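> Got a sequence here, can you build the structure:
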Amino acid sequence: MEQHINSPMNTEDAKKLRSGDYVYITGTIYTARDAAHKRMYEALEKGECLPFEMKHNIIYYMGPSPAREGRPIGSAGPTTSSRMDKYAPALLDLGLIGMIGKGKRTDAVKEAIIRNGAVYFAAVGGAGALLSKAIKSSEVIAYDDLGTEAIRKLEVENFPVIVVIDSTGNNLYETAIKEYAEKAIDK
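Below you'll find the model as predicted:
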């Protein structure tokens, strides 16, 4: 099913999304990769504030290439999500409602998604130049010293993603493999 959502996104809207849905996101999302996640996790351990409010927000696991003239950002493809799995449950427990990346997630992340009514989206790897066209503005808001891994605030319009793990724990990677295997056996 095709869905259009706004970000920040409330829990009720996240719970309506189903594994396999094609979703177009409009609004504000934040970027953060492993180095930024490590810093945020360390800040939490010290009782410090995070660079942005987690509640109802979406993090995109992405480090862009430099922007070309006239564009707010360069190529903006997803990075492998499993590198953030150590930190994701703590951020989900703070109200993070969505994550965008590529690849499988651990059981601990899946459990945190279910516990918090959140969602994990996949963006198409290798399509960074196309994905960047949905990004209307980009602003570094924290950890500038990390370069491409700094936290950015992005304004997006119809940013295309696919729901991989929904708020009930349905996992597209698992169901798609099962469906493919069943079709292969039927032939």
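
> what's Pro64 in contact with, if anything?
The contact partners of Pro64, taken as CB atoms under 8 Å, 6 or more residues apart in numbering, are 31, 73-76, 128, 132, 138, 148, 152. C-beta here means a position set from N, CA and C on the backbone, and glycine is covered the same way.

> how near is it to Gly47?
From Pro64 over to Gly47 the distance is 31 Å, taken as CB to CB, to the nearest Å.

> Equivalent analysis for Asn158, please.
39 Å.

> Between these two, which has more neighbouring residues?
Asn158 (11 against 6; other CB atoms under 10 Å).

> Not counting its neighbours along the chain, what's nearest the more buried one?
Tyr24 (4.2 Å; CB to CB, 6 or more residues apart in numbering).

> I'd assumed Gly117 was in contact with Lys15.
Yes - between Lys15 and Gly117 a contact is recorded at 5.3 Å, counting by CB atoms under 8 Å.

> Give me the common contacts of these two.
In contact with both Lys15 and Gly117: Ser167, using CB under 8 Å, 6+ apart.

> neighbour count winner among these two?
Gly117 (18 against 14).

> Asp13 is in contact with that one, correct?
No - between Gly117 and Asp13 there is no contact under CB under 8 Å: 9.9 Å.

> and the gap between Val109 and Pro78?
15 Å.

> Equivalent analysis for Lys55, please.
23 Å.

> which of these two has more neighbours?
More neighbours surround Pro78 than the other of Lys55 and Pro78, with 23 against 12 (other CB under 10 Å).

> Cool, thanks, signing off.
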